[in-house]
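Novice: Show me how the following folds:
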Amino acid sequence: MTAPAAAELKAFVFESIRSVLAAKMLWLCERYKASFVSLDAFAKRLKEDRSRVARVLIDWTRQGLVRPSATGNYYLAAPPEKARLMRRFYELWSDARGCNNLARWVRPIEAGQAASIEVLPEVPELEPAAAAAAVAPPAPPPAKKFIPQTSKEIDEKTEREIRKNVAAIPPLPLVAQQLLNEIYNPQSSAKSLANIAIKDPAITMSLLKMANSAFYAQRDEVTDVQRAIVVIGLRNVKHMVLASGIGRVFVRPKHGGYNFDALWTHALGTSVAARLLARRTQAVTEVAAGTLGLLHDIGKFAMNVMAPERTAQLLDPFEGPEGVSGLAKEVMLFGTTHAIYGMRLLEAWKLPHEVARIVEHHHHPSHAEYADLSEDILRGLSLVHVANQVTKMGGLDCGDRMIEQVPKECFEILNLPPDLDALLDERMRKTFEQVKFFVSKAARSRPAKRPSGRTPQEPPRRPGSERRHGSERR
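Specialist: Residues are numbered from 1 along each chain as shown. Just a heads-up that it's a prediction; the model follows:
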């Protein structure tokens with residue numbers, strides 16, 4: 001290594017790798033090509049105290065090497081020059097001689113014996129030796145390139161497991177189905193929707209909670225369901241009903257799996273992003289765009305409730321083969337991806353064929369061209385694919401914030417500029433903040449038992465009365 005390169009690496013170690021723990025953490029990130037990491041994953045793998053790991057992650061956040069997320073993950077965000085130095089550090093730390101030489105910088109810094117970079121010793125030999133196996137286990141063979149799956153390419157055993165798991169998931173509640181049908185009815189009104197909603201106390205309470213939330217800032221308390229629907233708006237009611245119905249179908253596992261709040265935030269964020277983009281492109285109706293965005297990751301809910309242990313492995317960045325994408329990891333653990341699970345679930349719920357096909361291909365719109373899909377489906381698919389990436393760029397992720405390369409055909413079919421940064425404008429960002437508010441305060445309804453002694457048709461008591469409803473219990 002040349003003198004300037006050695007000096008550059010020394011400065012990086014002094015600024016960013018201030019302890020042996022930080023060196024081990026960086027080594028793990030590079031070995032597994034992790035796009036995101038978490039405090040718990042580091043602590044578990046390194047058998048370290050969480051507070052020490054947290055200090056390193058906070059330090060890296062200040063330096064711009066990682067970026068924290070609302071899900072509790074940290075995403076690697078190092079600029080190219082720092083990413084190059086991180087890779088170089090990994091190569092040297094994986095080698096016996098290189099590790100010993102780097103330790104001559106790291107250990108004095110950790111011990112507080114290096115107040116400035118000038119006191120660090122010169123390390124003349126910073127080239128890895130031929131035998132690195134003394135420190136690092138031999139690297140596995142390169143993983144096979146991931147080829148997108150379609151429903152026709154799944155083996156029979158996996159197909160049987162998917163159908164068995166999907167069959168065990170109950171359908172959407174009857175009232176939710178009736179409300180959705182009425183919302184799509186051109187003759188529907190707030191009154192007709194209210195007449196259906198009062199049959200379900202949980203949905204009714206969700207409507208009243210949302211209408212009375214600080215977001216809508218009503219002067220007087222909203223106690224009437226019809227008035228609540230007017231305040232919220234039909235489009236928001238549709239998404240809230242879908243979310244409420246899905247939330248009662250999928251019960252949170254006690255241990256492991258996805259963070260349900262993060263799943264809801266991402267689903268609702270993609271829904272509103274798709275609606276805003278639909279206004280600009282007019283290739284897809286706004287109502288259809290919102291539904292597609294809300295349902296695109298429904299397969300993750302199914303995987304989560306049917307196999308929480310496997311899902312926990314999926315979300316651990318240091319589990320499984322190194323350097324594979326999240327979708328490839330899903331295939332290794334489940335035999336297929338969440339997109340196929342979602343497609344089969346929507347078919348079982350008898351939702352429109354077009355919606356199921358779009359969910360099936362939403363990560364690989366280019367691959368969908370070989371599936372003989374109609375132009376209408378390809379437009380919807382392109383829209384939800386773009387909306388998904390914009391939502392992740394806006395910070396509303398559900399575990400893996402990897403931004404996928406959008407095929408240029410998607411922008412062309414939608415007549416949108418081929419620039420995700422331009423699509424993530426100020427209005428989109430403000431809307432994402434509203435989504436976070438909905439999820440954290442009122443948008444998601446948890447499973448509830450109907451209060452005893454009352455018929456489903458009887459309207460619920462006013463919020464704040466002595467007898468609380470099941471949907472209010474936590």
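Novice: List the contacts of Arg379.
Specialist: When contacts are counted by CB atoms under 8 Å, 6 or more residues apart in numbering, Arg379 touches Ala283, Val284, Ile413, Leu414. No exception for glycine: its C-beta is placed from N, CA and C like everyone else's.
Novice: Max pairwise distance over these: which two?
Specialist: Spatially, the most separated pair among those is Val284 and Ile413, at 10.3 Å (CB to CB).
Novice: which one of these two has more residues nearby?
Specialist: Using other CB atoms under 10 Å as the criterion, Val284 and Ile413 rank with Val284 on top: 23 against 18.
Novice: element containing that one?
Specialist: Counting by DSSP states H and E, no helix or strand carries Val284.
Novice: Is it in contact with Arg275, as I believe?
Specialist: No. Using CB atoms under 8 Å, Val284 makes no contact with Arg275, being 9.5 Å away.
Novice: quick one: Pro148 is in a helix?
Specialist: No. Pro148: not assigned to a helix; according to DSSP: H, G, I helix; E, B strand; the rest coil it is coil.
Novice: OK, contacts around it?
Specialist: Neighbours of Pro148 in contact, by CB under 8 Å, 6+ apart: Leu327, His361, His363, His364, His367.
Novice: Which one (most neighbours) among the residues you listed?
Specialist: Neighbour-wise, these (other CB under 10 Å) top out at His361, 27 neighbours.
Novice: out of everything not next to it in sequence, what's closest to it?
Specialist: Ala368 (3.8 Å; CB to CB, 6 or more residues apart in numbering).
Novice: Which residue lies nearest the spatial centre of this structure?
Specialist: Closest residue to the average C-alpha location of the chain: Cys398 at 1.8 Å, with CA atoms, centre = their mean.
Novice: Show the pLDDT at it.
Specialist: Per-residue pLDDT puts Cys398 at 79.
Novice: And for Arg454?
Specialist: With respect to pLDDT, Arg454 scores 38.
Novice: quick one on the thing from earlier: tell me which of the contacts of Arg379 is nearest to Arg235?
Specialist: Nearest to Arg235 out of the contacts of Arg379 is Val284 (CB to CB; 14.4 Å).
Novice: any weak-confidence spans in the stretch 1-150 of the chain?
Specialist: For the stretch 1-150 of the chain, applying pLDDT under 70 flags the ranges 1, 3, 70, 124-147.
Novice: where along it do the helices fall?
Specialist: Secondary structure of the stretch 1-150 of the chain (DSSP state H, counting those that start in this stretch): helices located at 3-16, 20-31, 39-46, 50-63, 80-93, 96-110.
Novice: who wins for proximity to Pro418 among those?
Specialist: Taking CB to CB, helix 80-93 is the member of the helices of the stretch 1-150 of the chain nearest to Pro418, at 21.6 Å.
Novice: residues making contact with the closest one?
Specialist: Under CB under 8 Å, 6+ apart, the answer for helix 80-93 is 8-9, 12-13, 16-17, 23, 26-27, 29-31, 64-65, 76, 78, 98-99, 101-102, 126, 128, 135.
Novice: What's the ChimeraX line that selects buried ones from these?
Specialist: Filtering those down to the buried ones (16 or more other CB atoms under 10 Å) takes a single ChimeraX command:
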select :9,12,13,16,17,23,26,27,29,30,31,65,76,78,98,99,101,102,126,128
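Novice: Put together a markdown table for the contacts of Pro148, with pLDDT on each row.
Specialist: Formatted as a markdown table, the contacts of Pro148 follow (pLDDT from 0 to 100):
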| residue | pLDDT |
| --- | --- |
| Leu327 | 86 |
| His361 | 93 |
| His363 | 92 |
| His364 | 89 |
| His367 | 79 |
